[in-house]
Every structure is written in structure tokens, then in C-alpha cells.
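>>> Got a predicted structure here, sequence first:
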Amino acid sequence: MSESKITKSHTSLENKSALFAILTTVALLVGGLVEVLPPFLMSSDLFVKPIASVKPYSGLELAGRDLYIKEGCLNCHTQMIRPFKWETDRFDPTRAYGDAPYSKGGEYVYDRPFLWGSKRTGPDLWHESQIQPSAAWHKTHLINPREVSENSVMPGYPWLFENKVDADTVIGKMETLKNVFDVPYSDEDFAKAKEELADATEGDAMIAYLLKLGRDTANIEGQ
Ligand code: HEC
């Protein structure tokens, strides 16, 4: 086929730059809308199946979560067990992680932003509450990891146990999460947070957070 009609009309279109730009934009918009609109129109339950036992972070746990971000723990740890056998079996099966099911979307509904991470210099922490349930162990480990884990390359974070948590900031954050993201915090949760945060160190908050990881779904079978 020599110089077909299509080639000719295409060339003439390309010569009309304004019209061509408009038509290109329309084409891109249609493609974009087809991808972007459905999630807004569908119920979010279709994407993330809610898990009833998963509860929002308490004030102290929330403070710990922020410190996890601030101290860069994310650079060495992931928080997601992928649905692969070598992943669910990664540790000794006598440890809770070995039996733990892989992570589900519904476990992360209160995680803003997600802290899944992508680098595993250290182990995945999503089921830390079952792997290492002792707060005392975490305190020793956070102050100096080599005291309980020989040759560990994890840095120590002794200052966490010297700095106090700023309760007002955390309460403000809980209010924002409730008002903007509909996190179902009750008056009781706020009262409990004020109590917990009154004299808490950053270390207390970090440990509370680590002991929350995986706790809400620990005993759910086949979820
Ligand atoms: C430079 C990388 C690195 C950074 C940064 C890091 N870790 Fe680690 N972490 C490790 C390594 C390696 C291990 C395994 C050895 C050990 O137990 O210390 C580990 C182990 C752990 C464990 C024990 C996991 C288990 O079940 O055996 C916890 C809990 C932990 N880290 C929490 C944290 C927290 C909280 C932070 C931030 C305050 C942090 N890590 C920052 C590398 C890191």
C-alpha cells in the first residue's frame, strides 16, 4: 500500500499542532479515567477485606510508629510476609513466624503510610509480637543489640530511653486520624492514650509498637 488515505490524514493532523495536542490529551484522559475511576466508584471492601480483630494503634503505639519512621528502622526491616513458601517458612518453624500466614491487606488498614519496606538487612518484623514477646528483651536489644544478638550489625538506640514522648503531639495526631481518615478512636481511647503517654519514654513507645506488630491477627486461622 503506497501513500494510503490513513497516512495522508495522519500527516495532515500532525500538521495541525493545536488540534493534535487536544486530541492527544483527550486520548490520554480517557485512558486515565478508565484506570482511575473504578476504585473510587467501587466499595473499598472489594479491594481490602476488613479483618474484625484488627484495631487502630493506641496513642503509645502510634508514637512508636512515628519513631520507627524517624529512626530509619525501615531501611533495614520489612513489615510484610509475602505469600511464598520460602517466606512463610523462612524461620525455624518452632518460632511463630514459621506458622504465620502471609500478610493480608486488611491487616494494614490503620497504617498510614504503609511501612512495608523493601530491604531486609534484619528480619521481617510483621509478626514481632509473637517472635519476641518480651518487652525486657526489646529494651536490652534496642539499647545495645549485641548484648542479646552476637555480631548484630543493628545500631543501638540508647537515647530512646532518655527522651520523653510529647503527649500533646500524639493526641493531636489521633484527632487528625479520627477526623480525616475515620479511624474509630473512642473517648476511652483518648483517655487511655493520655494516661499511657503521661510519663512515657520514646523507648516505651517503640516497644509498645513492636509488640503490636502481628498481635491482632496472631490467632486467626486461615484469614
Ligand atoms: C543497619 C540495619 C538496621 C537498622 C537501621 C535497624 N535494624 Fe533492627 N535488626 C537488624 C539486624 C541485622 C537484626 C538481626 C540481628 C539482631 O537481632 O540484632 C535486627 C533485629 C531486630 C529485631 C529483632 C528481630 C527478631 O525477631 O529477631 C528487632 C525487634 C529490630 N531489629 C527492631 C529495630 C528497630 C525498632 C529499629 C529502629 C529503631 C531497627 N531495628 C533498626 C538491622 C537493623
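It's in.

>>> separation between residue 120 and residue 81?
As for residue 120, its distance to residue 81 is 11 Å (criterion: C-beta to C-beta, to the nearest Å). No exception for glycine: its C-beta is placed from N, CA and C like everyone else's.

>>> ok, those two, which is more surrounded?
Neighbour count, other C-beta atoms under 10 Å: between residue 120 and residue 81, residue 81 has more, with 20 against 12.

>>> contacting residues around the closest residue to residue 162 other than its chain neighbours?
Of all residues not flanking residue 162 in the chain, residue 201 sits nearest, at 7.0 Å (C-beta to C-beta, 6 or more residues apart in numbering). By C-beta atoms under 8 Å, 6 or more residues apart in numbering, the residues touching residue 201 are 160, 161, 162, 163, 164, 165.

>>> and residue 201, bridged to which residues?
residue 164 (DSSP bridges).

>>> re earlier: of the contacts of residue 201, keep whichever come out buried.
Among the contacts of residue 201, those classed as buried by 16 or more other C-beta atoms under 10 Å are 160, 165.

>>> so which of the contacts of residue 201 also contact the ligand?
Residues of the contacts of residue 201 in contact with the ligand (C-beta under 6 Å from any ligand atom): none.

>>> can you put the contacts of residue 201 in JSON lines and add pLDDT?
Output for the contacts of residue 201, formatted as JSON lines (pLDDT from 0 to 100):
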{"residue": "160", "pLDDT": "98"}
{"residue": "161", "pLDDT": "98"}
{"residue": "162", "pLDDT": "97"}
{"residue": "163", "pLDDT": "97"}
{"residue": "164", "pLDDT": "97"}
{"residue": "165", "pLDDT": "97"}
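
>>> Report the helix or strand with the lowest average pLDDT across the protein.
helix 96-99 (a mean of 46; mean pLDDT, DSSP states H and E).

>>> so where's the protein shaky on pLDDT?
For the chain, the stretches with pLDDT under 70 are 1-3, 44-46, 89-101, 219-223.

>>> quick one, helices of it?
5-15, 17-41, 59-70, 85-88, 96-99, 128-131, 135-143, 167-181, 187-197, 202-210 (DSSP state H).

>>> name the helices or strands packed onto the third one?
The one in question is helix 59-70. The contact analysis (3 or more C-beta pairs under 8 Å, 6 or more residues apart in numbering; DSSP states H and E) places helix 59-70 against helix 167-181, helix 187-197, helix 202-210.

>>> How about the shortest one and the ligand, touching?
Which is helix 202-210. Yes. Using C-beta under 6 Å from any ligand atom, helix 202-210 reaches the ligand at 206, 210.
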